[in-house]
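1. Return a 3D structure for these sequence lines:
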Amino acid sequence: MSVVTLRDATPDDAIEVTAVHNAAWRTTYSALLPAEVVAERTQMVPRLELWRAWLGDPSRRTIVALLDGVICGFSAFRPMPERLQDTEPLPDFDTYLEALYVLQAAQKRGIGRALLAATARALRDDGQHSLALHVLATNPARDFYVRLGAEWLRDVPFLRRAGWDLSAYGWRDVTVLEGAPGAI
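-> Residues are numbered from 1 along each chain as shown. Below you'll find the predicted structure:
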């Protein structure tokens, strides 16, 4: 039987987290976005630089899931910024879920739920109460968030030059995630 563990990421995890991020991005978005957008956003060197900076920034936090000792997913979050690069911030929420990805081969095992439950515990321990995110409006992952109690907030433009939308979702009380059904 496979063993799944969760822990805070360290700067030493940058290469593995980058590899998971790129692989999950490709499988998630290859059917939703043009190939050139996916290729641009999954270049190893820029993505690795992003993760090295992220994992070295004390205001940001990443929790990794390990399947039999190998990183297979992660949850990355930070205090809600005043501005976001590609879209509008969600100022009614404490925290922004920057990314939640699980490798396709590791999905359907409760790992995503477990990552969100761990995120909720970390937020609560830090005195935070709410969490919001953006997801591509055509991404089936929206249903995952709704099943875990997220409320739809609004749709906003994404990659304005292409006309795609993001959907914003949020939990006003993250404690509902701590006992997410199926969480490890």
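
2. what about the helices in the chain?
-> 14-29, 35-41, 44-55, 111-125, 141-147, 175-178 (DSSP state H).

3. Which strands or helices does the last one pack on?
-> With contacts defined as 3 or more CB pairs under 8 Å, 6 or more residues apart in numbering; DSSP states H and E, the packing partners of helix 175-178 are helix 111-125. Every C-beta, even on glycine, is put in place using the N, C-alpha and C of the backbone.

4. Show the backbone phi and psi for residue 127.
-> phi 80, psi 20 (degrees, to the nearest 10).

5. quick one on the thing from earlier: deepest of the helices of the chain, which one?
-> Burial of those is given as mean neighbour count (mean count of other CB atoms under 10 Å); helix 111-125 ranks first at a mean of 21.

6. roughly how far is that one from the heart of the chain?
-> 11 Å (CA atoms, centre = their mean, to the nearest Å).

7. and it, what does it pack onto?
-> If you count contacts as 3+ CB pairs under 8 Å, 6+ apart, helix 111-125 packs onto strand 4-8, strand 61-67, strand 70-79, strand 95-102, strand 131-136, helix 175-178.

8. Adding distance to residue 44 and mean pLDDT, write those out as TSV.
-> Formatted as TSV, the helices and strands packed on helix 111-125 follow (distance: least, CB to CB, whole Å; pLDDT from 0 to 100):
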stretch	distance to residue 44	mean pLDDT
strand 4-8	23	95
strand 61-67	18	97
strand 70-79	16	97
strand 95-102	16	96
strand 131-136	22	93
helix 175-178	32	91
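
9. what about the ones you listed, which gets the closest to residue 21?
-> strand 95-102 (5.9 Å; CB to CB).

10. which residues of this protein score low on pLDDT?
-> 1, 85-87, 159-163, 180-184 (pLDDT under 70).
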